[in-house]
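**Student:** got a predicted model here, sequence first, then my questions.
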Amino acid sequence: MNKASFYGLTLNQLETWLIERGHKKSRAVQVWQWVYRKRVMYFSEMTDVNKECIQLLADHFVIETLKEHCRQEAADGTVKFLFQLFDGNLIETVLMRNKFGLSVCVTTQVGCNIGCSFCASGLLKKKRDLSSGEIVEQIMKVEQYLDQENQEERVSHVVVMGIGEPLDNFGNLIDFLLIIKEHNGLAIAARRITVSTSGLADRIVEFADTNLQVNLAISLHAPNNELRSRIMKINRVFSIEQIMQAVDYYLAKNNRRITLEYILLKDMNDSSQHALELAELIGDKKKSVNVNLIPYNPVDEHSQYQRSELEAMRTFYDILKKNGIHCSKRLEHGTDIDAACGQLRSKQIKEARQNNHG
Ligand code: SF4
């Protein structure tokens with residue numbers, strides 16, 4: 001790709017760029033609103049911007065870099081998009097419809113190196129980080145889809161929970177958050193944005209220092225190091241104790257509750273003893289930590305894991321509640337499509353390989 005993605009610029013960067021080229025600072029907001037509010041696909045559509053500025057932008061930037069490869073729509077309104085990047089790589093983005101609004105789950109890397117043992121995406125090693133523009137454009141593509149469907153509702157919530165470890169793509173993640181929060185554009189409030197990490201404790205501390213005030217979710221999935229290291233090999237690098245220290249730091253710097261994500265795996269991490277251990281681990285952080293219990297979506301490649309029985313899930317939930325822990329059960333979206341993280345992408349890649357070899 002010769003030209004840069006316009007979506008990769010923060011408003012400050014655009015202002016500086018235009019001023020350096022002899023344009024007024026106010027021009028930046030004008031252009032920004034055309035792109036993010038009126039969702040133009042070409043700079044030439046910005047009818048009240050002077051021709052010289054339009055030409056300058058068109059010489060250096062492109063607006064569209066992603067192409068929709070395919071899309072799956074579930075009965076509950078969940079839409080899963082597979083986008084092709086300029087270099088041919090495929091990424092997934094999911095639109096979910098909730099009572100509280102529309103949320104989009106974005107991908108931050110092509111593949112992932114964290115290698116969580118239950119994850120379909122972890123089977124595809126990281127090829128590269130996504131640029132900030134490529135992450136922003138996923139939301140804009142969903143916005144354009146809503147336009148095509150004549151839907152007035154806009155994306156109100158963003159979860160950075162798709163393929164990849166967001167904190168391993170730190171600089172681009174920060175720019176992405178600044179861009180989507182910008183009130184002249186998408187204006188997504190910090191309290192409506194959640195960044196999910198596998199628990200890179202050092203990066204959580206760095207992230208706390210950015211003071212972006214977004215919600216943080218940490219994939220815990222086990223209440224002790226022995227079990228967590230079996231489920232998530234990243235635990236051999238950052239232990240649960242290191243993560244909990246980083247949690248304390250994040251809470252001290254940000255006025256947000258932290259969510260601990262916990263996928264319930266049958267006969268693995270779902271016993272009453274595990275629930276009690278988890279309650280003890282959270283201990284005096286009860287008021288600031290929420291546990292999100294997630295039913296496991298079985299993946300063909302990880303047949304060693306099964307979804308917990310309903311009874312085990314209920315008991316686990318009740319024990320946490322009895323111990324005063326805020327606890328929620330994640331709603332399932334799009335169970336009639338390839339809903340587990342990375343499933344659509346890995347399926348498409350497998351099919352393409354089979355076709356190439358067939
Ligand atoms: S769960 Fe997330 S961090 Fe873990 S392998 Fe999958 S994509 Fe990577």
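**Tutor:** Structure received.
**Student:** can you map out the helices along the stretch 51-200 of the chain?
**Tutor:** 51-60, 132-148, 170-181 (DSSP state H, counting those that start in this stretch).
**Student:** any chance of those helices in TSV, with distance to the ligand and mean neighbour count too?
**Tutor:** All C-beta atoms are positioned from the backbone trio N, CA, C, and that covers glycine. Shown next, in TSV, are the helices of the stretch 51-200 of the chain (distance: least, C-beta to the nearest ligand atom, whole Å; neighbours: other C-beta atoms under 10 Å):
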stretch	distance to the ligand	mean neighbour count
helix 51-60	33	15
helix 132-148	14	21
helix 170-181	14	21
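**Student:** now render these as JSON lines, adding distance to residue 221 and mean pLDDT.
**Tutor:** Listed next are the helices of the stretch 51-200 of the chain as JSON lines, based on distance: least, C-beta to C-beta, whole Å; pLDDT from 0 to 100:
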{"stretch": "helix 51-60", "distance to residue 221": "44", "mean pLDDT": "97"}
{"stretch": "helix 132-148", "distance to residue 221": "25", "mean pLDDT": "97"}
{"stretch": "helix 170-181", "distance to residue 221": "22", "mean pLDDT": "98"}
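**Student:** out of those, the one nearest residue 20 is which?
**Tutor:** Evaluated with C-beta to C-beta, the helices of the stretch 51-200 of the chain place helix 51-60 nearest to residue 20, the distance being 10.8 Å.
**Student:** so how many other residues sit close to residue 256?
**Tutor:** Neighbour count for residue 256, taken as other C-beta atoms under 10 Å: 18.
**Student:** re the thing from before, want to throw the helices of the stretch 51-200 of the chain into a markdown table with distance to residue 324?
**Tutor:** Shown next, in a markdown table, are these (distance: least, C-beta to C-beta, whole Å):
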| stretch | distance to residue 324 |
| --- | --- |
| helix 51-60 | 55 |
| helix 132-148 | 37 |
| helix 170-181 | 32 |
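**Student:** go through these and name the closest to residue 28.
**Tutor:** helix 51-60 (10.0 Å).
**Student:** name the helices or strands packed onto the closest one?
**Tutor:** On a contact count with 3 or more C-beta pairs under 8 Å, 6 or more residues apart in numbering; DSSP states H and E, helix 51-60 meets helix 26-36.
**Student:** show me which residues of the helix it packs on are buried.
**Tutor:** By neighbour count on 16 or more other C-beta atoms under 10 Å, the buried set for helix 26-36 is 27-28, 31-32, 34-36.
**Student:** hang on, the earlier thing: residue 254: which of the helices of the stretch 51-200 of the chain is closest?
**Tutor:** Proximity to residue 254 (C-beta to C-beta) singles out helix 170-181 among those, at 12.8 Å.
**Student:** understood, closing this out.
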